[in-house]
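> sharing a sequence plus its predicted fold:
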Amino acid sequence: MYKDLLNIISDSEHPLRSWAKILPEQIESGLSPNRYGKLEQWQSAIDNLPKLAVTGIDLVDQVKISSTQSLSTESREAIKHQLKQLHPWRKGPFDFFGTHIDTEWRSDWKWNRLKDHIQPLKGKTVLDVGCGNGYHCWRMAGLGAELVIGIDPTAVFVMQYQLMQKYIQSNNVFVLPLGIDDVPQNLQAFDTVFSMGVLYHRRSPIDHIAQLRNCLKAGGELVLETLIIDTDSDEVLFPKDRYAQMNNVWFIPTIALLIKWLERLKFKNIRVVDVNQTSIDEQRTTEWMTFNSLVDFLDPENHNLTIESYPAPKRVTILASK
Ligand SMILES: C[S@@+](CC[C@H](N)C(=O)[O-])C[C@H]1O[C@@H](n2cnc3c(N)ncnc32)[C@H](O)[C@@H]1O
């Protein structure tokens, strides 16, 4: 699965060559059956999907894999059954040989809000930190990136990538079962680094931004998307306990404070390109993600508040240069 990546970055001239030495062991440990009891079940679901002749791949306007081969109703049902073994499907949507994987999130909406603002990705080396199943990684390749590395420590999402990769057979999009702390320090190797939906999960947001900066080449671009509090002052919300039912949310700054953090870390050309309150149409329960979703995490009387009476999730997309 990752042979091509190791070949690419092992080249003595490649800026990621120092990572190549430790990466095989990191991947093995990130997908260790001792850590994930369901790994075998996920792998058999992928293995049990039929061999299909891929005749079309669209990563530009959507993520769609298609075939001119016609599928019987029974084959379609069997495919759907295997895909659902990798529940929950949070990021997408995907069109998988005519099966519409209607994921919890309309991740395409997030992508559409930022794609025209970022530095062109054509020919670039890109890192997507906390990439989930790699939905946005595929879209980055659709914009012409030369190499896209996504990292995410949640094994089921990495397996969802591997499922798509079984058919797409990409030689330049790789989702690795790693967290940001597994990335060697001070790589300075990427033209663009994305961190979307991760900062508020970090106990030390400043260190997270510093880690992202250390991944960037001089002149590279950071694309940071995170929850914010919509006031003019420079304050931060530190939830007493849960925020929108999530027990791993630590710091939600205002935009003014986030900009100060970026300035203190010597980022330049800091621009807010989007502010958006997450709607219950963008994040919702579907047959592909059957757990509770945003509507269940909001105050039923007032959707501008979470169930804990904090401001409802609002997100900023901010760009900055190293
Ligand atoms: C809210 S999701 C965002 C997914 C995607 N980036 C997006 O914007 O749609 C946060 C992701 O960060 C991942 N994550 C959590 N801790 C992480 C860490 N230390 N390093 C990298 N990713 C992490 C989670 O597994 C999860 O998939």
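Happy to help now that I have it. Please read all numbers here as calculations on a predicted model, not as lab measurements. Residues are numbered from 1 along each chain as shown.
> SS state for Leu257?
At Leu257 the chain is in helix, as set by DSSP: H, G, I helix; E, B strand; the rest coil.
> any weak-confidence spans in the stretch 151-300 of the chain?
Along the stretch 151-300 of the chain, no part satisfies pLDDT under 70.
> list, one by one, the residues from the stretch 201-322 of the chain near the ligand.
For the stretch 201-322 of the chain, the residues in contact with the ligand (CB under 6 Å from any ligand atom) are His201. C-beta coordinates here come from the backbone N, C-alpha and C atoms, glycine included.
> which strand runs longest in this structure?
The residue-count maximum for a strand in the chain (DSSP state E) belongs to strand 216-227.
> list the helices and strands that one packs on?
Here strand 216-227 touches helix 107-114, strand 190-196, helix 205-215, helix 255-264, strand 314-321, going by 3 or more CB pairs under 8 Å, 6 or more residues apart in numbering; DSSP states H and E.
> who's in contact with the helix or strand following it?
The first helix or strand that comes after strand 216-227 along the chain, using DSSP states H and E, is strand 236-237. Contact with strand 236-237 is made by Ile229, Tyr243, Phe251, Ile252, Pro253, Thr254, Leu257, Tyr310, Pro311, as judged by CB atoms under 8 Å, 6 or more residues apart in numbering.
> note down every partner strand of strand 236-237 and its orientation.
Paired neighbours of strand 236-237 in the sheet (DSSP bridges): strand 252-253 (antiparallel).
> ok, and what's touching the strand it pairs with?
In contact with strand 252-253 (CB under 8 Å, 6+ apart) are residues 200, 205, 226-229, 234-239, 243, 261.
> generate a PyMOL selection restricted to the buried entries among those residues.
Buried members of the contacts of strand 252-253, defined by 16 or more other CB atoms under 10 Å, are picked up in PyMOL with:
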select buried, resi 200+205+226+227+228+229+237+239+243+261
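> looking at the contacts of strand 252-253, which is nearest Gly142?
If you rank the contacts of strand 252-253 by distance to Gly142 using CB to CB, Thr226 comes first, at 23.7 Å.
> skip the chain neighbours and tell me the closest residue to the closest one.
Excluding the flanking residues, the one nearest Thr226 by CB to CB, 6 or more residues apart in numbering is Leu199, at 4.0 Å.
> the one you found: what's it in contact with?
Contact partners of Leu199, counting by CB under 8 Å, 6+ apart, are Pro205, His208, Ile209, Leu224, Thr226, Leu227, Phe251.
> recalculate using a threshold of 7 Å.
Pro205, His208, Leu224, Thr226 (CB atoms under 7 Å, 6 or more residues apart in numbering).
> go ahead and confirm the last one touches Tyr200.
Yes - with contact defined as CB atoms under 7 Å, Thr226 and Tyr200 form a contacting pair (5.7 Å).
> center of the chain - which residue?
Geometric centre of the chain, nearest residue: Cys131, 2.0 Å, by CA atoms, centre = their mean.
> bridged to the residue nearest to it when sequence neighbours are not counted, which residues?
Of all residues beyond its chain neighbours, the one nearest Cys131 is Gly150 (3.1 Å), with distances taken as CB to CB, 6+ apart. Going by DSSP bridges, Gly150 is paired in beta bridges with Asp128, Val175.
> hmm, Gly150 is touching Asp128, no?
Yes - contact criterion CB under 7 Å: Gly150 and Asp128 qualify, at 4.2 Å.
> what sits in contact with each of the two?
The overlap between the contact sets of Gly150 and Asp128 (CB under 7 Å, 6+ apart) consists of Cys137.
> before we move on, back to that, Pro50: which of the helices and strands packed on strand 216-227 is closest?
Distance to Pro50, taken as CB to CB, is lowest for helix 107-114 among the helices and strands packed on strand 216-227, at 26.4 Å.
> relative to strand 190-196, how tilted is the closest one?
Counting by axes from the mean of the first three to the mean of the last three CA atoms, to 10 degrees, helix 107-114 points 120 degrees away from the direction of strand 190-196.
> what's the most buried one of the helices and strands packed on strand 216-227?
Highest mean neighbour count among the helices and strands packed on strand 216-227 (mean count of other CB atoms under 10 Å): strand 190-196, with a mean of 24.
> and for that strand, what's in contact with it?
By CB under 7 Å, 6+ apart, the residues outside strand 190-196 that reach it are 110, 118-119, 121, 124-130, 136, 212, 215-217, 220-225.
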